[in-house]
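Novice: Make a model of this:
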Amino acid sequence: MTVLLVHGDREYLRDPGEELQTDLGVLDVPEDVESGDTLETHLGEPFEVRELRGPDLFNHFERTGAPMMPRDVGLVVGHTGVAHGDRVLDAGTGTGVLSAFLARAGADVTTFERDPEFAEVARENMVLADVADSVDVRAGDVLDRLDDLGRFDVLTLDTADADEVVARAPDLLVRGGFVAVYSPFVEQTREVVEAAREAGLGEIRTFETIQREMDFDDRGSRPSTAGVGHTGYLTFARR
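Specialist: Purely as a prediction, here's the structure:
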């Protein structure tokens with residue numbers, strides 16, 4: 001089990017039995033290491049041992065592009081109610097952040113990534129997240145396989161042709177199942193909404209995902225001047 005070694009703002013991933021070498025000294029990770037332990041380098045510098053959690057995966061996954069932000073993942077989980085035992089069809093795996101979060105919530109995920117090299121990276125990330133048994137990463141175009149997959153509780157899509165999958169949602173979703181589509185552009189979002197309407201889906205809603213951090217100092221408290229954290233648009237619909 002890979003653990004996170006933390007010293008101030010520094011973080012390192014290591015497996016039990018491995019060695020960490022930094023300017024703070026050399027540290028041997030014991031085989032029986034546990035979350036909450038404090039390990040010291042040969043120079044006496046302490047490192048806290050932490051179990052990997054969702055935000056840590058976002059920070060430490062090997063990336064093949066821009067991963068879905070945690071706030072977007074939270075909206076997907078909150079608006080679809082993904083839970084233990086659900087079957088999820090995901091398209092546009094990318095780094096695999098969303099698939100890993102959903103699997104950690106107890107879902108069984110089948111995810112498609114068109115680029116075989118990206119798919120292999122995603123598989124490695126699933127091992128790091130300890131969800132390799134719950135996430136089936138497949139290389140290929142999901143549109144070529146829709147007739148063979150059965151029905152799902154949730155569809156999560158982050159692809160340019162998401163509207164084509166949404167058009168097939170009535171055949172892919174169980175009654176009451178949800179589809180969630182992430183779109184970076186308004187034009188694509190409109191296509192998804194129109195496809196959902198034509199497919200007869202209900203409860204169609206689209207949100208722009210924006211988040212602002214707050215600054216607190218001696219002068220007072222206010223939203224950060226760093227700018228509005230816009231990522232894209234999320235559309236939800238239900239069969």
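
Novice: What's the separation between residue 231 and residue 49?
Specialist: Separation of residue 231 from residue 49 (CB to CB, to the nearest Å): 32 Å. Every residue, glycine included, has its C-beta placed from N, CA and C.

Novice: Also residue 170?
Specialist: Distance of residue 170 to residue 49, computed by CB to CB: 48 Å.

Novice: Between the two, which has more neighbouring residues?
Specialist: Using other CB atoms under 10 Å as the criterion, residue 170 and residue 49 rank with residue 49 on top: 18 against 13.

Novice: Can you check what pLDDT the model gives the more buried one?
Specialist: pLDDT, residue 49: 96.

Novice: Quick check, it in contact with residue 39.
Specialist: Yes - using CB atoms under 8 Å, residue 49 makes contact with residue 39 at a distance of 6.3 Å.

Novice: and for these two, which residues touch both?
Specialist: By the contact definition CB atoms under 8 Å, 6 or more residues apart in numbering, residue 49 and residue 39 are jointly contacted by 5, 33.

Novice: Show the contacting residues for residue 184.
Specialist: By CB under 8 Å, 6+ apart, the residues touching residue 184 are 231, 232, 233.

Novice: Who wins on neighbours among those residues?
Specialist: Of the contacts of residue 184, with other CB under 10 Å as the count, residue 233 tops at 21 neighbours.

Novice: check contacts around that one.
Specialist: With contact set as CB under 8 Å, 6+ apart, residue 233 has these partners: 182, 183, 184, 185, 186, 189, 206, 207, 208, 209.

Novice: partner residues bridging it?
Specialist: Residue 233 forms beta bridges with residue 183, residue 208, as assigned by DSSP bridges.

Novice: mind checking how far it is from residue 86?
Specialist: Residue 233 is 24 Å from residue 86, where distance means CB to CB.

Novice: One more: residue 132?
Specialist: As judged by CB to CB, residue 132 and residue 86 stand 18 Å apart.
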